[in-house]
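K.L.:
Pasting the sequence and the predicted coordinates here, then a few questions.
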Amino acid sequence: MTNNSPGSEFGLKRHDGLDEAQRAASLDAAASGARVFPCTVFQQGGRTMIATSFPYQFLARQVVADSAAKGGDPGNATNRPLLTDHVKTINNYVKSNAADYILPPLTLNARELPALHVPRGNFKSVMGFMVIGDETRFQVTDGQHRLVAIKGTGSGRSAIVGLVDDAEQRFDGDSMAVVIVVEPDIKRVHQDFADAAQTKQIPASLLAVYNTREPLNAVLTDIVEKSTLLNGRVDRTSKTLPKMSQSVFLLNQVRQFVKEFLFADYALAETTVAKQSQLLIGARAQQDEFVTDTLALLDVLTENMDPWTAIADLPKSGGPATKVPDYRQKYVNMTATGLVVIARVAYEIRKNPNAEWRKEQYKRLAVEIDWRRDADIWKGTIVSREGKISTNRAPVKLAAEKAKKQLGLPSSEDGLTTKTRADISE
């Protein structure tokens, strides 16, 4: 058993029962002016780990971020260089959602085992009490940007006011979960940081499901669930749609459609989406109105447009639903690019305040435009000679303009260039 394991007596005292351990910890704290924190002591990977929570004020005072200097040697510091933009993002997120936010736990490093009082017994995991004096300092291994968002950084106009110093909102009662790793070797601490970073980015479709704090995602959920075509036929978890999938679209593809219908730009940067969606559909009444308008469009298309009409009559899984992959190979409106073209034309139609006129134009969009891949209207725009669908913004614009011209709708200018490529999820 290693020197810093729960079986070692270094920094750890065993007692006959949890009550006795608590009394001993309280006496130690009273004698030294320290604080007692209930905790769980356990082993992971042959080392001692301590799990507890620290108030923000305690974190700001007794947890240290040792950030490497930009251009310097990161091997001599505990943490990577600090990214102030990342700190600001976290800081703003918490302040903007003070009554409804979450920050993941910090991973901290202790060079030696803190004073711990635990019940006697041969347990791999045990409840106990940790005594921490004012002189004790922990290093942050993973989560330095969360820590600095709490503490604050900089000075003057560029300063980021920490959560503990925010004058308008009080975070005094908030705490954060921490896992303390007892590890004296800085190389192993660096490895811990690298190991903690072994995460996989959330696919855009899953992010659209989970991040309903974003108004666009909030309306997206309602649109999918209330649409006759989309309900039960949208893949909400995958990053790409398998060739033989019986789903009609990825959720992120539908999200691009919604972005185009709302902003006239499916490739709008996410930072801009957050700002613009707050302006256009930030209020619940605005969201309800937009969902109603979008469903009105989708319902008309589903009732009148091939192959959506046929798909709506199919079961959502099973043998007959295998027709969906066949339709995907034959029709432009079964692709993400086709969805964007539809939304761009519909955006122009939606400008008219007359609901009956809009409904008639949506019907014309469904029946007067030939949505087959081999239709002449798409040649030279979004469909190549080989029959492949383009994801470039310029061809999408040209295809939408041709559709609008055929329907007698006014054209629009958005300054797109042939050099710009957008991220349409095919």
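P.N.:
Sure, I can see it.
K.L.:
Could you point out the helix or strand that follows the helix or strand where residue 252 lies?
P.N.:
Taking DSSP states H and E as the definition, residue 252 sits inside helix 251-263. Once helix 251-263 ends, the next helix or strand along the chain (criterion: DSSP H and E) is helix 270-281.
K.L.:
Can you check what angle separates the helix or strand that comes right after that following helix from helix 251-263?
P.N.:
The helix or strand immediately downstream of helix 270-281 is helix 284-304, counting by DSSP H and E. Here helix 284-304 runs at an angle of 110 degrees relative to helix 251-263 (axes from the mean of the first three to the mean of the last three Cα atoms, to 10 degrees).
K.L.:
Show residues contacting helix 284-304.
P.N.:
Helix 284-304 is contacted from outside by 215, 218-219, 222-223, 226-230, 258, 261-262, 280-281, 308-309, 312, 342, 346, 350, 355, 358-359, 362-363, 365-367, using Cβ atoms under 8 Å, 6 or more residues apart in numbering. For every residue, glycine as well, the C-beta is placed using N, CA and C.
K.L.:
For it, buried residues please.
P.N.:
Neighbour counts over helix 284-304 (16 or more other Cβ atoms under 10 Å) mark 286-287, 290-291, 293-302 as buried.
K.L.:
same deal with stretch 145-161?
P.N.:
145-153, 160.
K.L.:
just these now: which is nearest residue 330?
P.N.:
Closest approach between the buried residues of stretch 145-161 and residue 330, by Cβ to Cβ: residue 145, at 48.9 Å.
K.L.:
coming back round to it: the helix holding residue 252 packs against which elements?
P.N.:
Applying 3 or more Cβ pairs under 8 Å, 6 or more residues apart in numbering; DSSP states H and E, one finds that helix 251-263 contacts helix 204-210, helix 215-226, strand 234-235, helix 270-281, helix 284-304, helix 336-350.
K.L.:
And the fourth one, how far out from the chain middle?
P.N.:
With Cα atoms, centre = their mean, to the nearest Å as the basis, the distance from the averaged C-alpha position of helix 270-281 to the chain average is 16 Å.
K.L.:
contact partners of that helix?
P.N.:
Contacts of helix 270-281 with the rest of the structure, by Cβ under 8 Å, 6+ apart, involve 214-216, 219, 259, 262-263, 268, 286-287, 290.
K.L.:
now the helices and strands packed on helix 251-263 in a markdown table, with distance to residue 385?
P.N.:
Converted to a markdown table, the helices and strands packed on helix 251-263 look like this (distance: least, Cβ to Cβ, whole Å):
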| stretch | distance to residue 385 |
| --- | --- |
| helix 204-210 | 30 |
| helix 215-226 | 35 |
| strand 234-235 | 30 |
| helix 270-281 | 34 |
| helix 284-304 | 28 |
| helix 336-350 | 16 |
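K.L.:
pLDDT and distance to residue 243 added to the buried residues of helix 284-304, as a markdown table?
P.N.:
Formatted as a markdown table, these follow (pLDDT from 0 to 100; distance: Cβ to Cβ, whole Å):
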| residue | pLDDT | distance to residue 243 |
| --- | --- | --- |
| 286 | 96 | 38 |
| 287 | 96 | 35 |
| 290 | 97 | 33 |
| 291 | 97 | 31 |
| 293 | 97 | 33 |
| 294 | 98 | 28 |
| 295 | 98 | 29 |
| 296 | 97 | 32 |
| 297 | 98 | 28 |
| 298 | 98 | 25 |
| 299 | 97 | 29 |
| 300 | 98 | 29 |
| 301 | 98 | 24 |
| 302 | 98 | 24 |
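K.L.:
nearest to residue 24, of the residues you listed?
P.N.:
Comparing these against residue 24 with Cβ to Cβ places residue 287 closest, at 56.7 Å.
K.L.:
start to end distance for stretch 322-335?
P.N.:
For stretch 322-335, the first-to-last residue distance is 16 Å (Cα to Cα, to the nearest Å).
K.L.:
do the same with stretch 28-43
P.N.:
Counting by Cα to Cα, you get 25 Å between the two ends of stretch 28-43.
K.L.:
Okay, buried residues for it please.
P.N.:
By 16+ other Cβ under 10 Å, the buried positions in stretch 28-43 come out as 28-29, 34-37, 39, 41-43.
K.L.:
What count of nearby residues applies to residue 70?
P.N.:
Residue 70 is flanked by 10 other residues according to other Cβ atoms under 10 Å.
K.L.:
just to revisit the earlier point, just send the contacts of helix 270-281 back as a markdown table, with distance to residue 135 too.
P.N.:
Below are these laid out as a markdown table (distance: Cβ to Cβ, whole Å):
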| residue | distance to residue 135 |
| --- | --- |
| 214 | 44 |
| 215 | 48 |
| 216 | 50 |
| 219 | 53 |
| 259 | 54 |
| 262 | 56 |
| 263 | 55 |
| 268 | 52 |
| 286 | 55 |
| 287 | 53 |
| 290 | 57 |
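K.L.:
Quick one: buried ones out of those residues?
P.N.:
Taking 16+ other Cβ under 10 Å as the criterion, what is buried in those is 214-216, 219, 259, 262-263, 268, 286-287, 290.
K.L.:
nearest to residue 197, of those residues?
P.N.:
Using Cβ to Cβ, residue 214 is the member of these that lies nearest residue 197, at 25.1 Å.
K.L.:
what residues are up against the closest one?
P.N.:
Residue 214 neighbours (Cβ under 8 Å, 6+ apart): 273-274, 277.
K.L.:
As CSV, these with pLDDT, neighbour count and distance to residue 70 would be great.
P.N.:
Below are the contacts of residue 214 laid out as CSV (pLDDT from 0 to 100; neighbours: other Cβ atoms under 10 Å; distance: Cβ to Cβ, whole Å):
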residue, pLDDT, neighbour count, distance to residue 70
273, 89, 19, 30
274, 86, 13, 28
277, 93, 24, 34
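K.L.:
Mind putting those residues into CSV with distance to residue 320?
P.N.:
CSV is the format used below for the contacts of residue 214 (distance: Cβ to Cβ, whole Å):
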residue, distance to residue 320
273, 37
274, 41
277, 37
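K.L.:
so which of the residues you listed comes closest to residue 19?
P.N.:
Residue 19 has its nearest neighbour among the contacts of residue 214 in residue 274, at 51.3 Å by Cβ to Cβ.
K.L.:
so how far is residue 214 from the closest one?
P.N.:
According to Cβ to Cβ, to the nearest Å, residue 274 stands 6 Å off from residue 214.
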